[in-house]
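Colleague: Below are the sequence and a predicted model for it; my questions follow.
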Amino acid sequence: AMAGAQRDLDFIRLDPAPFAATPNISIDYAVMERTQNGAVVPCSIGWSDVGSWAALWDIGEKDADGNVTKGPVHLVGTSNSYVRSEGMLTGVVGLDDAVIVVTDDAVLAMHRSKAQDVKKLVEKLRAARLKQATEHRRMYRPWGWYEGLIQGSRFQVKQIAVRPGSKLSLQKHFHRAEHWVVVNGTAIVERDGERIMLRENESVYLPLGCVHRLENPGKIPLTLIEVQVGSYLGEDDIVRIEDTYGRA
């Protein structure tokens with residue numbers, strides 16, 4: 001896999017075929033137990049590989065009822081549980097030995113003793129081809145990141161952040177139009193050959209089929225809200241005409 005690897009910006013991408021053919025086992029079994037170039041010493045360092053949600057309960061700071069919480073969490077009659085929320089107000093009543101994790105796009109609830117069975121759930125989600133099994137809401141790109149906020153029938157809203165000095169590909173879409181509103185920083189928008197400078201609270205409309213590009217010429221991150229409207233809103237509805245990062 002390394003012999004056929006290629007450098008992609010800050011990444012080294014392994015040759016996918018031999019990498020996929022490697023056994024699905026941990027590095028301690030595959031390498032460390034077989035090497036003749038290692039040495040071990042006995043020690044007691046409180047090691048945990050934090051390999052499950054239950055492990056976060058093990059190492060977390062517990063309240064008087066044995067609960068570990070993170071985020072906007074409120075508990076009543078609950079003990080020995082791990083409850084984590086990444087934003088949404090989360091209330092738990094009358095549960096013991098539970099793990100509850102709330103993110104923007106999914107909620108996980110299980111008994112703490114079943115923490116290792118999460119992989120069975122992930123396998124089921126993958127079999128159902130649900131994107132929550134393989135994608136985060138925030139998707140990173142060479143120029144910055146975007147995050148889905150709202151999605152409905154024929155529309156979706158995203159937050160886009162572009163690093164200083166970076167720009168997206170010159171592109172067009174066949175199935176959607178877009179509205180961009182700058183909320184922080186300065187943007188240069190190229191639209192069918194026209195170059196438009198946008199500041200905070202200013203916006204631009206990109207009709208279906210227009211050739212466009214977004215650029216951050218400033219010294220601070222550019223943040224904007226993108227509203228997409230159309231019959232198909234998938235990320236594969238992008239025709240890249242020119243790209244700084246070699247994706248065209």
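Modeller: That came in fine, so what should we check first?
Colleague: List of residues touching stretch 99-113?
Modeller: Outside of stretch 99-113, the residues within contact range by Cβ atoms under 8 Å, 6 or more residues apart in numbering are 53-54, 57, 71, 80-88, 90, 92, 97-98, 115, 117-118, 121, 132, 137, 148. All C-beta spots, glycine's among them, are computed from the backbone N, C-alpha and C.
Colleague: Give the buried subset of those as a ChimeraX selection command.
Modeller: Of these, the buried ones go into a single ChimeraX selection, burial set by 16 or more other Cβ atoms under 10 Å:
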select :53,54,57,81,82,83,84,85,90,92,97,98,115,118,137,148
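Colleague: Which of the contacts of stretch 99-113 fall in strands?
Modeller: 82-85, 90, 92, 98, 148 (DSSP state E).
Colleague: Mind putting these into JSON lines with distance to Glu235?
Modeller: Supplementary listing: these in JSON lines, determined by distance: Cβ to Cβ, whole Å:
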{"residue": "Tyr82", "distance to Glu235": "34"}
{"residue": "Val83", "distance to Glu235": "33"}
{"residue": "Arg84", "distance to Glu235": "29"}
{"residue": "Ser85", "distance to Glu235": "28"}
{"residue": "Thr90", "distance to Glu235": "30"}
{"residue": "Val92", "distance to Glu235": "36"}
{"residue": "Ala98", "distance to Glu235": "36"}
{"residue": "Gly148", "distance to Glu235": "10"}
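Colleague: Using JSON lines, please lay out these together with pLDDT and distance to Leu222.
Modeller: Listed next are the ones in strands among the contacts of stretch 99-113 as JSON lines, based on pLDDT from 0 to 100; distance: Cβ to Cβ, whole Å:
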{"residue": "Tyr82", "pLDDT": "97", "distance to Leu222": "37"}
{"residue": "Val83", "pLDDT": "97", "distance to Leu222": "36"}
{"residue": "Arg84", "pLDDT": "97", "distance to Leu222": "31"}
{"residue": "Ser85", "pLDDT": "97", "distance to Leu222": "29"}
{"residue": "Thr90", "pLDDT": "97", "distance to Leu222": "33"}
{"residue": "Val92", "pLDDT": "97", "distance to Leu222": "39"}
{"residue": "Ala98", "pLDDT": "96", "distance to Leu222": "42"}
{"residue": "Gly148", "pLDDT": "90", "distance to Leu222": "18"}
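Colleague: Would you check which pair of these lies furthest apart?
Modeller: Ala98 and Gly148 (28.4 Å; Cβ to Cβ).
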